[in-house]
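just a sequence and a predicted model for now, questions to come.
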Amino acid sequence: MNVRNDRKIFLRLLSRITAVGLLLFPAVSALAAGTAVGTPIVNSATVDYDLGGTPLTITSNTTTITVAERLDVVVTLQSGPVLVAANDLNQSILFTVTNTGNGSEVILLAMNSVIAGDDFDPTPAVPDIYFDSDGSGDLSVGDVPYNPGVNDPNLAADASVDVLIVNDIPGIVVNGNIGRSELSASASTGTGAPGTVYALQGDGGTDAVVGASGAADLQVGEYLVSDVLIAVAKAQTVADPFGGTQPIPGATLTYTMTVEVQSAGVATASVLRDPIPAFSTYVPGSITLNGTPITDAIDADAGELDTTVVPTVVVRLGDLTLVDGIQTIVFQVTID
Amino acid sequence: MKILMSVVFLGLSFGALAQEEGSLDVRTVVQKEEVVINEDGKSENRLVAVESVVPGERVFYTITFTNVGEEPAENVVITNPIAAELSYVEGSAFGPGMEVEFSVDGGATFANAADLTVTEGGETRAAGPDDFTHIRWVMQGELNTGSQGTARFAAVLN
């Protein structure tokens, strides 16, 4: 499935490069909006020369060209595959829409959930597009629905807006199925082959010219049906330095986690991650999986203590099914 | 009496004007490249007039200077400041019979591109096209009466 997705993007890029070559339009970084529309670019030259030993100077005429509006839009997928179950409602995928042109532009949004190559078509919710108004990254109360023609986002150069597309998941799906839905964004002034000019339709009455993006972009998000029932439980015991069970500084806490698949299906590439609690320190070398010690370092065994951000116990359990039974992970910390 | 004196006065001032301004005619033109299909059906690049430009586009400046006076002009130097919004296209400056030099210090000093350095935060490195603030073309030899010279460079709009 990933191969198919990559091929679609590759073909789209090929057609863009051909158009750019013909129109002598150099590739533009997606991040740089460029000189603001309406800026005058002024140039003149000075010539110094000698006539019969007398130094003289003459200045040429001044040329002025005006910066027109370049239309460019980029859509960025922000969510990894969204885990869903059959019949789930209002499942959202997060995107960012950015105006990478150099002028203000009203952007039109649209969602499409009929994408070839996936296992099911998500069912568009009504409304199907929201702004992530509260910045939560998913659909929540307070997110404003997108209403085409009424609240199309008006983005300044380099500005962006977070957008959620929302679908329901059909009933006839099975664990591992993928359903795709795409968000497209386009400049309302116009789209088309790079270099296409919309005369006088840019900011302040300048021309608007379609940039290398074609003034439009779309990205595809994924829903992944994950309805394997996994039971996780965590228990702790306390041993203080005095032979008792008081949770005082210096006491050792032993955490025991059990992970068990309790339904049909495969929990593919399961990973348990448990951050070390605040005000405690991990006891080196204390991780075990089903009784077998796991080294703290990142190596070929099934786990480690990940210290890149917050210290976290990481244990890879592989592809788990009902048959694998209970997986037991143990580690210890001391109270600071 | 009075009329005679005015005529003489006019003649003198006209002569002074010719010496100060009339000897070199200088014009600057800005253009951009377009692909056109020529008469043979083949595509070729042509320079066309430009009025508006978008970030990322390349423009070409051409300075034409003609000696319209009666004496040869010597030590002809054309200096062109590069607008802040433009990035000079490396290697694009040329002019027949002229040496091209650049400045990185706002036009105070000029040198060949390969000899220019820039110091930033205590480190000195070779100057690149984005560091150039001015270009100048130094004519080797004199510009005879009736002769024309051309200086050209390209830049990309930031």
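Received it, and whenever you're ready, just let me know what you need. Numbers count the residues shown, from 1 in each chain, chains lettered A, B, ... in the order given.

longest strand anywhere in chain B?
Longest strand in chain B, counting residues (DSSP state E): strand B:24-37.

strands paired with that one, and their directions?
Here strand B:24-37 has these sheet partners by DSSP bridges: strand B:43-49 (antiparallel), strand B:58-67 (antiparallel).

give me the pLDDT value at the closest residue to A:T189 other than its chain neighbours.
Closest residue to A:T189 apart from its sequence neighbours, by Cβ to Cβ, 6 or more residues apart in numbering or on different chains: A:A208 at 4.7 Å. Placement of C-beta: from N, CA and C, glycine included. At A:A208, the model reports a pLDDT of 95.

could you do A:T307 as well?
Note for A:T307: predicted pLDDT of 92.

what pLDDT does A:R16 get?
28.

closest to the centroid, which residue in the chain?
You didn't say which chain, so I picked chain A. A:Q78 (1.8 Å; Cα atoms, centre = their mean).

chain B is the one I meant
Note: chain B centre (Cα atoms, centre = their mean) maps to B:I63, 4.3 Å.

what's the most buried one of the strands paired with strand B:24-37?
Ranked by mean neighbour count, the strands paired with strand B:24-37 are led by strand B:58-67 with a mean of 21 (mean count of other Cβ atoms under 10 Å in any protein chain shown).

okay, that strand in PDB with CA atoms only?
Taking C-alpha atoms only, strand B:58-67 is exported to PDB below (Å, rounded to 0.1, in the frame of the first residue of the first chain):
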ATOM      1  CA  ARG B  58      15.100  35.700 -13.200                       C
ATOM      2  CA  VAL B  59      15.500  39.100 -14.800                       C
ATOM      3  CA  PHE B  60      18.200  40.400 -17.100                       C
ATOM      4  CA  TYR B  61      19.600  44.000 -16.900                       C
ATOM      5  CA  THR B  62      21.400  45.400 -20.000                       C
ATOM      6  CA  ILE B  63      23.200  48.700 -19.800                       C
ATOM      7  CA  THR B  64      24.000  50.200 -23.200                       C
ATOM      8  CA  PHE B  65      26.400  53.200 -23.400                       C
ATOM      9  CA  THR B  66      27.200  55.100 -26.600                       C
ATOM     10  CA  ASN B  67      29.800  57.800 -27.100                       C
END
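
just want the phi and psi numbers for B:P129.
Phi and psi for B:P129, reported as degrees, to the nearest 10, are phi -60, psi -30.

typo on my end, A:D324
Torsion angles, degrees, to the nearest 10, at A:D324: phi -70, psi -20.

tell me the pLDDT of the closest residue to chain B within chain A.
Residue nearest to chain B within chain A (Cβ to the nearest Cβ): A:G34, separated by 2.4 Å. Per-residue pLDDT puts A:G34 at 88.

does it touch A:E69 like I think?
No. Between A:G34 and A:E69 there is no contact under Cβ atoms under 8 Å: 9.8 Å.

higher neighbour count, these two?
Taking neighbours as other Cβ atoms under 10 Å in any protein chain shown, A:G34 and A:E69 compare with A:E69 leading, 30 against 26.

any idea how many residues pack against the residue nearest to that one when sequence neighbours are not counted?
Leaving aside its chain neighbours, A:E69 sits nearest to A:G202 (3.1 Å; criterion: Cβ to Cβ, 6+ apart). Neighbour count for A:G202, taken as other Cβ under 10 Å: 28.

buried ones in the helix or strand containing A:I58?
Here A:I58 sits within strand A:54-59, counting by DSSP states H and E. Within strand A:54-59, the residues scored as buried using 16 or more other Cβ atoms under 10 Å in any protein chain shown are A:L56, A:I58.

can you list the strands that that strand pairs with?
Strand A:54-59 pairs in its sheet with strand A:46-51 (antiparallel), by DSSP bridges.

correct me, but the residue nearest to A:E69 touches A:A215?
No. Using Cβ under 8 Å, A:G202 is not in contact with A:A215; the gap is 11.7 Å.

between the two, what contacts are shared?
A:T189 (Cβ atoms under 8 Å, 6 or more residues apart in numbering or on different chains).

which one is A:F120 nearest to, not counting chain neighbours?
Excluding its sequence neighbours, the residue lying closest to A:F120 (Cβ to Cβ, 6+ apart) is A:G179, at 4.5 Å.

give the contact list for A:E69.
Residues in contact with A:E69 (Cβ under 8 Å, 6+ apart) are A:37, A:101-103, A:105, A:189, A:202-203, A:206-209, B:54.

switch to 10 Å and redo it
A:34, A:36-38, A:101-105, A:157, A:187, A:189, A:198, A:201-204, A:206-209, A:211, B:52, B:54-55 (Cβ atoms under 10 Å, 6 or more residues apart in numbering or on different chains).

likewise for B:V76?
A:47-50, B:24, B:65, B:67, B:97-98, B:137-143, B:149, B:151.

let me know the pLDDT of it.
pLDDT recorded at B:V76 is 95.

looking at this, it is in a strand?
Yes. Assignment of B:V76 by DSSP: H, G, I helix; E, B strand; the rest coil places it within a strand.

taking chain B, what residue is nearest to chain A?
B:P55 (2.4 Å).

what is the neighbour count of that residue?
Residues lying near B:P55 (other Cβ under 10 Å) number 27.

so it touches A:D158, yeah?
No. Using Cβ atoms under 10 Å, B:P55 is not in contact with A:D158; the gap is 11.5 Å.

common neighbours of these two, please.
Overlap of the contact sets of B:P55 and A:D158 (by Cβ under 10 Å, 6+ apart) consists of A:A32, A:A33, A:G34, A:G101, A:N102.

my guess is A:V106 meets A:G190, correct?
No. A:V106 is not in contact with A:G190 according to Cβ under 10 Å; the separation is 11.4 Å.

neighbour-wise, which of these two wins?
A side-by-side neighbour count of A:V106 and A:G190, using other Cβ under 10 Å, places A:G190 first with 16 against 12.

can you pull out the strands in chain B?
Secondary structure of chain B (DSSP E): strands at B:24-37, B:43-49, B:52-53, B:58-67, B:73-81, B:86-88, B:98-103, B:117-120, B:123-126, B:134-139, B:148-157.
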